[in-house]
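[1] Dropping the sequence and predicted coords here.
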Amino acid sequence: MADFDQELDARGLNCPLPILRAKKALNGMATGEVLKIVSTDPGSVKDFEAFASQTGNELQAADEKDGEFHFLMQKT
């Protein structure tokens, strides 16, 4: 995955905790910075797509490898 400014480990957490923790992390970041989120919740794919749409933050990347979901979200 591309460069990022901060990483959030949300492994083992189920909805809505990955989203809530990402929101808190993004609130503490500057505009343009990128947050990497790692989750094991399969529902987080749709959750982060909806979160990006609702908040205006840009979901730059989303992929899955070995049961882990990786997201890059840029604060706008």
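    Thanks, I have the structure now.
[2] C-alpha from now on. contacts and neighbour counts both.
    Fine.
[3] Run through the chain and note the low-pLDDT ranges.
    Scanning the chain for pLDDT under 70 picks out the ranges 1.
[4] Next one: the spatially most distant residue from the centre of it relative to residue 12, how far apart?
    The C-alpha centroid of the chain is most remote from residue 66, which lies 17.4 Å away (C-alpha atoms, centre = their mean). Note on residue 66: its distance to residue 12, by C-alpha to C-alpha, to the nearest Å, is 14 Å.
[5] With residue 64 instead?
    Look at residue 64 and residue 12: by C-alpha to C-alpha, they are 15 Å apart.
[6] The two: which has the busier surroundings?
    More crowded of residue 64 and residue 12, by other C-alpha atoms under 10 Å: residue 64, with 14 against 11.
[7] So the more buried one: helix, strand or coil?
    Under DSSP: H, G, I helix; E, B strand; the rest coil, residue 64 falls in the strand class.
[8] Mind listing the residues bridging to it?
    For residue 64, the beta-bridge partners are residue 69 (DSSP bridges).
[9] any idea how far it is from residue 33?
    According to C-alpha to C-alpha, residue 64 stands 22 Å off from residue 33.
[10] can you check residue 21 too?
    Look at residue 21 and residue 33: by C-alpha to C-alpha, they are 16 Å apart.
[11] cool, and residue 18?
    In this structure, residue 18 and residue 33 are 18 Å apart, going by C-alpha to C-alpha.
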